[in-house]
Structures are given as C-alpha cells and as structure tokens.
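**Q** Fold the following, please.
(6 chains, ligands or ions: 6)
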Amino acid sequence: MVQTHLKKRVEIVLEAPALRRLIDRLDAAAVTGYTVVPVLAGRGHEGSWRGEGLAGDAGRMVMVVCITDPAKVDAVLETAYAVVSRQIGIVTVSDVQVIRAEHF
Amino acid sequence: MVQTHLKKRVEIVLEAPALRRLIDRLDAAAVTGYTVVPVLAGRGHEGSWRGEGLAGDAGRMVMVVCITDPAKVDAVLETAYAVVSRQIGIVTVSDVQVIRAEHF
Amino acid sequence: MVQTHLKKRVEIVLEAPALRRLIDRLDAAAVTGYTVVPVLAGRGHEGSWRGEGLAGDAGRMVMVVCITDPAKVDAVLETAYAVVSRQIGIVTVSDVQVIRAEHF
Amino acid sequence: MSFLDLAAQNLVSPMVLFFALGLAAALARSDLAVPEAVAKTLALYLMLAIGFKGGAEVAASGLSARMGAVTLAGVALSFLIPVLGYAYLRAASRLPAADAAAVSAHYGSISIVTFVAATETVRGQGLGFEGYLVAVAALMETPAILSALYLARRSGDVPAGEGMGALLREVGLNASVVMLVGSFLIGWATGPKGLAMIAPFIIDPFRGVLCLFLLDMGLVAGRGMREGARHLKPPVLAFGLGMPLVSAALATLAIWPMGLSVGGAALFITLAASASYIAVPAAMRLALPQARPAIYLTLSLGVTFPFNLALGIPLYLALAARVGT
Amino acid sequence: MSFLDLAAQNLVSPMVLFFALGLAAALARSDLAVPEAVAKTLALYLMLAIGFKGGAEVAASGLSARMGAVTLAGVALSFLIPVLGYAYLRAASRLPAADAAAVSAHYGSISIVTFVAATETVRGQGLGFEGYLVAVAALMETPAILSALYLARRSGDVPAGEGMGALLREVGLNASVVMLVGSFLIGWATGPKGLAMIAPFIIDPFRGVLCLFLLDMGLVAGRGMREGARHLKPPVLAFGLGMPLVSAALATLAIWPMGLSVGGAALFITLAASASYIAVPAAMRLALPQARPAIYLTLSLGVTFPFNLALGIPLYLALAARVGT
Amino acid sequence: MSFLDLAAQNLVSPMVLFFALGLAAALARSDLAVPEAVAKTLALYLMLAIGFKGGAEVAASGLSARMGAVTLAGVALSFLIPVLGYAYLRAASRLPAADAAAVSAHYGSISIVTFVAATETVRGQGLGFEGYLVAVAALMETPAILSALYLARRSGDVPAGEGMGALLREVGLNASVVMLVGSFLIGWATGPKGLAMIAPFIIDPFRGVLCLFLLDMGLVAGRGMREGARHLKPPVLAFGLGMPLVSAALATLAIWPMGLSVGGAALFITLAASASYIAVPAAMRLALPQARPAIYLTLSLGVTFPFNLALGIPLYLALAARVGT
Ligand SMILES: Nc1ncnc2c1ncn2[C@@H]1O[C@H](COP(=O)(O)O)[C@@H](O)[C@H]1O
Ligand SMILES: Nc1ncnc2c1ncn2[C@@H]1O[C@H](COP(=O)(O)O)[C@@H](O)[C@H]1O
Ligand SMILES: Nc1ncnc2c1ncn2[C@@H]1O[C@H](COP(=O)(O)O)[C@@H](O)[C@H]1O
Ligand code: NA
Ligand code: NA
Ligand code: NA
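**A** Ligands and ions are numbered 1, 2, ... in the order given. Coordinates of the predicted model:
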C-alpha cells in the first residue's frame, strides 16, 4: 500500500480584485505553493453573481487551493482570514494525504 | 490554535444544461451559498467529453461546490440527487472545517 | 438520513502538456471516471506561473479530480505518481462519501 | 448550373476545406482546438451577422404577402418532420422511444450554420434571397421539440418530468433564438443605413470567420465520430443521411407554389434538411434526459452536418433551381 | 440639431438597440451570454482603438495650448464631483459613509464605453474632436478615487486599511489606464502612417465590435438590475439619474471659455457625466471593502450607463453645440 | 536600405511598440492581461492567415525547382543548429545535458510570430517573398527536437523515457503544425479566388491583430523576465543573443547560391535565427521533463524574441539584401 502523509487543504473563495493581495500574503507566510482555480458563478451572503460578460474584476470570484503542513495550517488560516474577513469570500480546511511529505 | 467548526462540502459534477435547474433547487433548499467551477473535460459512465470548441451547452459539465451545515446536508443531498439522478453527473460529500460557523 | 459510501478523491495538479499522458494511464488503470478542471495560476517548487496570455500549453497547469474506490486508490495513486513524479505537479488524496457506491 | 458542377465547386470552397481540416485533425488526435469561449462567440457573431443582414434586407424589400405562407410552411415542417423521423426510427431501428424522439427533434429543428453556409453558396452563384428567411429559421427551431416531446410521452415509457411551461421558456429564450430574432429586428429597425454602419464587421470578414467556425465544427464533429461512432447502428446511420433528403423533398413540394426566389427556395429547403446541434441537444438534456446524447449529437453533427455541407447544399440549390422563380 | 432629433436618432442606432437587446434578454432570464474572456478582450480592443486613434489625431493636429487647460479642468472635475456626490448622498440617503464615498467615486471617474459611444454619435453628426481627449479621459479615471477615500476616512467610520501607496500603484497601473495611455502614446508616436497600417483592424470594424460589447453590457446591466434593484432606495436612484446632469452642467461651464470644438465639448461633458464601472469598482473592493458593490455597480451600470447611452449623450451634444466653437 | 535605417524604422512600428508596451506593463506589474482563450485564438488566426496566404501565393506563382533546395536547407539547419547550440552550452555554461539539449532545440526550431513579424517588415519595404516559405517554416519546427533528444540521450545522464514514436506523433500533430500546413494546403487548393473570398478576414485586419498578439507576447515575456531572470547565467544569456546571429550567418550562406528573392531570403534567415516558444516547450515537457522551462522559456521568449523583433529582423533583411536576387 502506498505510504501517504497527512496534510491540510485550505480552500479559499475570494473576490478577484483581492487575489493579488492574498497571494502576496501567502508568499510571505511561506506556504510551499498554491493553485488558483477560476469560478464561473456563485451565491453567498453578499448575493449571487456570474462572471459571464464581465469586463472587469469586480464582482468575480476565484478559488485558491493551498496544501500545507498541519504545523503551518494555523499561520495559513490566519493569513487567509486576515484578507478574506475584510472582503467577500470564504475559507474552508480539510484533511488530505500526500505521497511526498517533504514537498509541502 | 484557530478555532474551527465542522461543515460538509458537497461537490456536484453536472451537465451544463441542467445547472440552472440545480441552482434553483439549491436556492429553494435554503443553502447559504454555492460556487460554480468550470470543467474542461472528463470521463464517466456516459463516456468521455471535452468542452473545447463546443458552441452549445450540451455535452459540457460544470462543478458545483456547496458548503453546508451537517444538519442540512441530507436536505442538500436529496435536492442535488433529485436533479443529478435524472441527468449526467455525480455527487460527493466530504468533511471540512470553517472558521465562521454562522456563515454556512 | 441519506445512506452514503466511502470513496477516495484523488486530486492531481499537473502541467498541461502531460495531461493526455495522465489520462491515457488513468483509462488504462480502469478508473470509472475523472474530471479535468482548469487552473489560472499557481506556485510550487518550480516557481510561480500564470496561464493568462499563454498561446501554448507549456507553463500551464490543469487539475484532475478522480473519485475512486478505496480498493483501487493505490493503483490510481501509482498511475498518477508515475506521471507526476517525472513532471511538474502534485497529488493529494482525501476521503469522500458518495450515494451511488456502484458508480465508482 | 448542374448539381455535379455545384458540388464540385462546393467541395473545394475554403469553408468546406476548413471543415475537412478540422475533421482530419480530430480523427488524427491532433491537439488542435478552438477555445470554448471563442467557439461560443463565433456562433454569436454568425447569428448576429445573419440576423442583422436579414432584417436589413426586409427593411429594404418590405414585407411580402408570401412571407406568411413561407413561415407557416416552415413551422409546419418543423412540427411534421419529427413525426416521420420518429415513425421510421421506431420501425427500422431498435432505438427506445426517448432516443427516437430526441433524434427526430433535431431533424425537425434547424442548424443555423448549415443555413449560413448555404447563404454563402447562394451568394457564390450570384443569387439573392428573401431576408425574412432568417426569421423563418428562428421560428423553425422550437416546434420540432414540442412534437418530439409529445411523441415521447405518448409512447408511455417516458416519465412526464418537468413542467412543459418551464421548458418552453428555457427553449424559447435560448441564446440562439434571442440572438437571431433580436439581430433581425435591429437590422429591420435600422435598415440599410444601420447595415452600412456595421458592414465592415458583419459583412466583410463574415466568410473568413465562417471558415474558422467550420474548422472548429470539424474538430468537434471528428471528436464526436471517434467517441460516438459505435453508438450508431446502420439503420440510425441511414437515418442521418436519408432524413435530410426526405425533408428536402417535402420542403421542395411545400414551397413550389409559393414562388420564392431560387436562392430563397434553396435556403428554405436547407432549413428543412438541416439538423440542430446547439439548441435542441441542450433542450433534450432537460426534456428527455434519458435519451443518449452520444446518439443524437453524433448523428446530427458527425453525419448529417458534413453531408449537408458537402453534398446537401449543392443538391438543395439544384432542386431550388427547379421550383424557385 | 435639436436635442429631440438627436435623441430620436440615437435611440434607433444599432448601438443603443443592441444594448437594449441585451437588457431585455437578461431581464427575461435568457441564457444569452458573452464569455468573460471575450468581454475582457472587447474592452481591451475598444481602449486600444480609441487610444491609438486619439494619439494619431494628436500627431496630426499637434499639441494646442488649450490641451493643458482642458486636462486641468478634467482632473479638477474628477476630484470635485465625488465631493458633491458624497455630500448629497449623506444628506439625502441613509447610505453609510463607505457606500456614499464608493458610489460618488464612480461618478467622478469616467466610463470609457460611454466615451466611445459618444465619439460615434459625434462622428455620426459629421463632427470631429480633439484627439487628446482620450488622454484626458485616462487622467480623469483616478483622482475621483482619491477624493472618495479622503471623504470616507474623514468620516471616521471607515478604518484606514491598506497603505495608500500600494493602492495608488494598483489603480494607476490598472489595465484600462495602461491600455488607454499606452495605445495613445503609440498612436502619437506612429501617427497617421501607423494608423493607416492598422486602420482595417481598429477603425473599420470598430462600430460593429462596439455593438457586440454593448449587447454584453446590456446583458450584465440587466442581470445587475434583477439582482441589485432592491438595494437602490429612491434617493440613491435619483442620484444615478441626477448626478450625471449636475456633472454635465459643471463640465459645460468649465470648458465654455476654452473654445473646444463642438464634438470635443460633447465628449468632455460626457466624460464628466459618465460613471466608471470597470476600474473604480475593482479599486473600491480594495480600498473600501465595506462598501456594497450591489449598490455602486447596479447604480453605475444599471441606471447611469443606460441613461447616458440613451438620453445623456444626445443631451450633452446639444449642450456642446451651445459652448463649442 | 541600410540596417540602421531599417532598425530605426522598425523600432517605431506599431508592432514593436505594442510589444514594448506589454513588456513595460508586465515589468511594472500592471494587471493588464489578454485572456488565455484569446491568446490561443490569436495564434491560430495568425497561422491560418499566414498559411493560407502562402498557399495562395504558391497557387499563383507555381512550384519552382528552387523550392526543394530551400526546404532541404531549412530542414538541415533545423537539425544542425541544436548540435552547435548544445556544444556551446555544454562547453561555456554549466547547464546539465537535459537543459542544454532543451534550450538548443528551441533555436533549431522556429518562431512563427517572428516569421510573421518579418513578413510585415518585408512587405513594409515593398518586397515580396516565396509563398512556400510558410511550408518550409512548418517543416523546420520538428527536426530540431529530434537532434536535441539524440544529444540528450547520448549524453547518458538522461533516461530514455517515453517511446520516440508516441512523442513524434504528438509533436508532428501539434496544433501549430496542423494549422500552418492545413491552411497552406487550403490556400494552395483554392488559390487567389479562395484568398479573395476571405481576404477581408485574413489580410486587412492582419497587422492590427498582430499588434494585439505582440502586446500579449510582451506581457508574457515581461512576466517571464521577472520570474526567470535569475535562472539565466551570463553564458546562457549570451547564447540567447549570439545564437540567432550564428544561425542567421549559417542560413545566409546556405541560401546564397539558391537565388531566393530578397524578401524570401530575409524570411529564411529569420526562420533560422528565431527560437520556438510554443511547440518546442510543450514537446520538451514531455520528452525532457527534467529540463527546466524557467531556462528555455525565459531565454526564447524573454531574450531572443525581443532581440529578433527589435534588431534581428532588420539585420536579417539587410543581410538578405546582399544574397537575395
Ligand atoms: N502546496 C501547494 N498547494 C496547492 N497547490 C500547489 C502546491 N504546491 C504546488 N501546487 C500546484 O502544483 C503546481 C506544480 O507544483 P511544483 O511541481 O511544486 O512546482 C504549482 O504550480 C501549483 O499550481
Ligand atoms: N455555502 C457556500 N458554499 C460554497 N460556496 C460559497 C458558500 N458561501 C459562499 N460561497 C462562495 O463565496 C462567495 C462569497 O461569499 P459571501 O461572502 O458569503 O458572499 C460566494 O459568491 C460563493 O461563490
Ligand atoms: N470517478 C469519477 N471521478 C471524477 N469525476 C467523475 C467520475 N465519474 C464521473 N465523473 C464526472 O462526472 C461526469 C458525468 O459522469 P457520468 O454520469 O458517469 O457520465 C463525467 O463526465 C465526469 O466529468
Ligand atoms: Na430541419
Ligand atoms: Na464622471
Ligand atoms: Na531557429
């Protein structure tokens, strides 16, 4: 059986204009990496939205996935939350297993 | 350590023409929100597909992510399943932790 | 309460040029399906990248999600890892619940 | 001009060749592809352009009494063709009711790109056509869906599913109908003056954009063939090639007395003979989800569209030369 | 030409009608939509084209002493308008400071598409305009953001948030400013010769592309109305219709002595009367995240933009006919 | 015309200036960006247009005996250049075998946009060129990959990896080759008549679209410089500027006896001097995954492409003036 290691998967949905700000903070927080996924539409407390047809960034969301070590997850969460709490967005965390522990 | 709360992450992959139907049902099912993510290609029991080059919605999929309270997850699953079981698509559920419990 | 069954969710972030190779292997590995999600940008050990403006596939990533049976997950991981270990990318695994056990 | 000359000429037109290029590339598993966002936009562009031009033409030529009759004939054919198609498929193939109904809905409805390609062939022969045929095209999109649903439900083995009302709204307001009708009305309202304003966008580059879109359709059709071929049993395949001819024959008879121009007749026949692959498939996923897209998409896009593009259109033009005035 | 004639003519232009089509389609919940990647690119195209043409015009006509004065007037208005807007909103509506500041920032800044649409109306009347107004447009984008932030922070109920420096860089280098200024400079550097080289791309199809973009804006505006209408209380709604008129009046007075051409005056007034919906909303999400986009986006795109497009522009042209030379 | 005049003229062409704008915007971290779907489509458009025009030109001028010789020379250079590049890189820099091989593969292959930009410079001088050079360009894309792989494997420190066959199929059928060759054949088949049909799409707006694409390439190149600069040690940097000159010299000698037109010679030299940044990088990720894209992408797109665009092309044209007829 493949030997795996426990990591944390932080998933952030954030309004697009604040993405760079979040990423700069994540870089500062020394995460080993992240992945930005596009989002087409959504609904939340701030109401529903769709990206179609928008020429600008306001009113659009993106999703950022960050795999991190359990030891660092609090730092990542605080970083993420510092940005998200002022903006439109959400943060979730879940457990994941990885093969190359040292990679994250 | 950051205090988090258990929620459920429902992930639905559904053929694009049925998306509005699903979303209307989710709204009715009083979920606090959802996020729609684009999908490029895939394979399933109905065979494999690619979105590239398609001018229409038929034959394309989208992914819907819905974070919900464990107490509501059954209602959400039944709603989602009522749509997905008639269409091309799948539903999965997993545990996630969130910071703002009241947000979901 | 809705009856669900435990499956594994394998999430792979892989550089785009190697996608077809991965998919051919997954097909060979007899997974019941997969979903390919676009990726906008990211950062990892190989540095940071953005898809915007790229006319070619090199330097772009995609995300592949594969829901599989716990009994098959090792085979899937080995397949995925055989490709990813030679390329730029990562692999993670997590637990998910599904309604239609036989579907995966 | 004889059918053979027309066909020969047509087969070496850039449009057909770019479609063939796409087809070949897809069958050879090349990674050539047109991004989805662009494919969608090319389709919008073609509908905007063809709709606007049709409307402007009507503004110039005015409404003719004939228009009503032609529209009626078109709508009637859209209702009727699925009935014939369904009857054949149930009799000749072992397709379940839902599949048979879904497939035949595509043939009652129309393919706007086939229509557009035909307008180019018509123009290529120095012929004109009645602008209101664009409106007729839009009106022929939906009736076929209704008769197909009726047939499917009558068959008994198809659950009632969603309310008809919701479905009708979704179908009636689908992007292609709105774009086509809307542009037609705007073209009508602004007339030749409006057309002159945007001609460098919707007329001059039109053919080239069409080539790019046909390249894309070839790529998608080729992919569909690779994926879906195994789903097409001989009787179904035969349907994909034969039904357009039957529809064309019916359309020819229907408009014979109406004195359409040769170009207009060719386009009307093309509408009847063409099979939808954008609006109807999406509608079928909602209305008849148990019908298999692998069958109707492959048949409409992988079999009938190439046939119409390569041979059908010249044939319909040759037919029109007999009945048009 | 009288305002009424201009308005009547304007209302049946393809541009306005395509916007109306989009609006209607969105309100009817049609699934018609322009992909995001294409909407972004259409905006880039319009800025590239208008910027380049403006620069080439300046290269041809040379710099006039007047240019400095007009630029100053524009920048001053961009600073001033938010102050008036903020005062009104705080007095007349119960909007919190952050919302009032964010909304008024949009009205001090400019909408490049409104500007572009106005250039077409101006051309439609056979009038020309000073090319440097494109540069003025670019320079008017940001000052409004600064005064709005100043107002918001002075109000006390808005936390200081990020450093002003970072924000200024982000705003000053936002895509539309860079695209507009960059293309203007390139047009200036390459002049009429450069323009001739790319005219078939940026001039001939320009109007048609604008129609497609306005269709898209109609779709987005309609969606915004459906979503956001409930957020707009009467006094705020009144602001969306009244503020453009106030700004237009100020702009008219400001440039009266400057002897701009009639076309140029119309464009300058339009700049003052238009409200941003691309650059400023994004900036507000960073600078005043507590302000609600549902309010400022709906007001700017759903109320003020349609008003300017349909009635404002003809009105501003009529005004310009009085003060222009 | 002397090199200096050509260079001076070239540096103030809209194409070069839009590239510079993109470069500057990216280095200043502006958020200006062209969506990926559009960038891909612009590349397809350029290949469709240049391929079709080349084919139509061949249809008009017919095949010349010379064509075979020129093609052979091109393919030979594509095989040879990586050998020289690899030898230099292994000797002068401390790059591992895989990196050295991957980098040199890019320089043996070609950059179609550099070629396209050169055709505009050639046209700008009122010169024509042999249409079949488009086919030569397509044929020069892949040989370099083969010799680079041979070199890498011979070096021993590179595992065999995937089967060569699969790789060859993937490379031979990659989008740019298919698009270029396919459009060339269609242009050839339909000739000037076909060209006339789609000229308003592929000729008139061509230059403008090229400007937009060069803006995008500037943005990507600038981003690459910011990211990748630190990976480029001086000897590697020198390679990015020197190798094009060496290749240009070889190409000049190779075609001297062949009596190409001046324009044709300039394009042939440009092909040899240009470095791939679309097809080869993707192939290298599959064939030599251990080679670092940060090195070869940054070098090809961030160093060699700007150099060729700004100075190389005028230089190659000046060279061609000596050897062309
Ligand atoms: N810790 C991480 N969390 C999320 N995504 C990651 C992480 N590390 C790498 N990635 C993604 O995987 C890609 C390749 O990673 P690497 O091979 O480390 O360069 C990156 O560009 C990211 O898109
Ligand atoms: N319960 C949820 N499940 C999934 N996505 C959500 C949920 N709530 C919010 N989102 C996403 O986060 C965005 C911002 O949420 P909010 O700040 O609540 O408006 C929404 O537009 C959705 O895209
Ligand atoms: N095992 C799986 N893992 C990930 N995605 C899947 C899986 N099975 C199906 N899908 C996705 O769901 C879509 C519909 O599945 P199906 O209904 O089985 O054809 C497929 O096209 C895939 O995009
Ligand atoms: Na039909
Ligand atoms: Na303003
Ligand atoms: Na080369």
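
**Q** Residues in contact with the lowest-mean-pLDDT helix or strand in chain D: which ones?
**A** The helix or strand of chain D with the lowest confidence, counting by mean pLDDT, DSSP states H and E, is helix D:164-172 at a mean of 78. For helix D:164-172, contacts defined as C-beta atoms under 8 Å, 6 or more residues apart in numbering or on different chains pick out B:20, D:142, D:145, D:149, D:177, D:279, D:283, D:286, D:287, E:29, E:31. Yep, even glycine has a C-beta here, placed from its N, CA and C like the rest.

**Q** Check stretch D:184-204 too.
**A** Contacts of stretch D:184-204 (C-beta under 8 Å, 6+ apart): D:45, D:48-49, D:51-60, D:134-135, D:138, E:12-14, E:17-18, E:21, E:204-205, E:207-209, E:211-212, F:200-201, F:204.

**Q** Would you confirm that residue D:287 contacts residue D:149?
**A** Yes. Using C-beta atoms under 8 Å, residue D:287 is in contact with residue D:149, at 5.6 Å.

**Q** In contact with residue D:138, which residues are there?
**A** So residue D:138 contacts D:51, D:177, D:180, D:181, D:184 (C-beta under 8 Å, 6+ apart).

**Q** separation between it and residue F:26?
**A** Per C-beta to C-beta, to the nearest Å, residue D:138 is found 45 Å from residue F:26.

**Q** Okay, buried residues for stretch D:169-181 please.
**A** Residues of stretch D:169-181 classed as buried: D:170, D:171, D:174, D:175, D:176, D:177, D:178, D:179, D:180, D:181 (neighbour count, 16 or more other C-beta atoms under 10 Å in any protein chain shown).

**Q** Among the contacts of helix D:164-172, which are located in helices?
**A** Under the assignment DSSP state H, the contacts of helix D:164-172 contribute B:20, D:145, D:149, D:177, D:279, D:283, D:286, D:287 to helices.

**Q** Just the buried ones among the residues you listed, please.
**A** D:145, D:149, D:177, D:279, D:283, D:286, D:287.

**Q** for these, which one is nearest residue E:240?
**A** residue D:177 (32.1 Å; C-beta to C-beta).

**Q** Thought residue D:137 was touching the closest one, still the case?
**A** No. Between residue D:177 and residue D:137 no contact is recorded; they are 9.8 Å apart, counting by C-beta under 8 Å.

**Q** joint contacts of the two?
**A** In contact with both residue D:177 and residue D:137: no residue, using C-beta under 8 Å, 6+ apart.

**Q** How about chain D: which residue is closest to ligand 5?
**A** residue D:197 (26.9 Å; C-beta to the ion).

**Q** meant to ask about chain A
**A** Counting by C-beta to the ion, chain A gets nearest ligand 5 through residue A:56, at 16.3 Å.

**Q** tell me which element that residue falls in.
**A** Secondary structure assignment for residue A:56, by DSSP states H and E: no helix or strand.

**Q** so how far is residue E:170 from it?
**A** Residue A:56 is 13 Å from residue E:170, by C-beta to C-beta.

**Q** Is it correct that residue A:11 is in contact with residue A:96?
**A** No. With contact defined as C-beta under 8 Å, residue A:11 does not reach residue A:96; the gap is 10.5 Å.

**Q** Determine the longest helix present in chain A.
**A** helix A:70-84.

**Q** Which strands or helices does that one pack on?
**A** Secondary-structure packing of helix A:70-84 (3 or more C-beta pairs under 8 Å, 6 or more residues apart in numbering or on different chains; DSSP states H and E): strand A:5-15, helix A:19-28, strand A:61-68, strand A:89-98.

**Q** got the CA coordinates for it in CSV?
**A** Extracted C-alpha coordinates of helix A:70-84, given in CSV (Å, rounded to 0.1, in the frame of the first residue of the first chain):
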residue,chain,number,x,y,z
PRO,A,70,-0.7,20.7,9.7
ALA,A,71,2.0,22.6,11.6
LYS,A,72,1.7,25.6,9.3
VAL,A,73,-2.1,25.5,8.8
ASP,A,74,-2.9,28.0,11.6
ALA,A,75,-0.5,30.5,10.1
VAL,A,76,-2.0,30.0,6.7
LEU,A,77,-5.6,30.3,8.0
GLU,A,78,-4.7,33.5,9.9
THR,A,79,-3.1,34.9,6.7
ALA,A,80,-6.1,33.9,4.6
TYR,A,81,-8.6,35.1,7.1
ALA,A,82,-6.9,38.4,7.5
VAL,A,83,-7.7,39.1,3.9
VAL,A,84,-11.0,37.3,3.5
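
**Q** quick one, it and helix A:19-28 angle?
**A** Helix A:70-84 runs at 150 degrees relative to helix A:19-28, counting by axes from the mean of the first three to the mean of the last three C-alpha atoms, to 10 degrees.

**Q** Helix A:70-84 vs ligand 2: in contact?
**A** No. In terms of C-beta under 6 Å from any ligand atom, no part of helix A:70-84 sits within range of ligand 2; the closest distance is 8.2 Å.

**Q** how about that helix: buried residues?
**A** A:72, A:73, A:76, A:77, A:79, A:80, A:81, A:83, A:84.

**Q** Then stretch D:299-310?
**A** Applying 16+ other C-beta under 10 Å to stretch D:299-310 flags D:299, D:300, D:301, D:302, D:303, D:304, D:305, D:306, D:307, D:308, D:309 as buried.

**Q** And the residue nearest to residue D:144 when sequence neighbours are not counted, how close does it get to chain B?
**A** Nearest residue to residue D:144, sequence neighbours excluded (C-beta to C-beta, 6 or more residues apart in numbering or on different chains): residue D:108, at 2.6 Å. Distance of residue D:108 to chain B, given as C-beta to the nearest C-beta, to the nearest Å: 17 Å.

**Q** Please tell me how far residue D:108 sits from chain F.
**A** Relative to chain F, and taking C-beta to the nearest C-beta, residue D:108 is found at 32 Å.

**Q** Cool, thanks, signing off.
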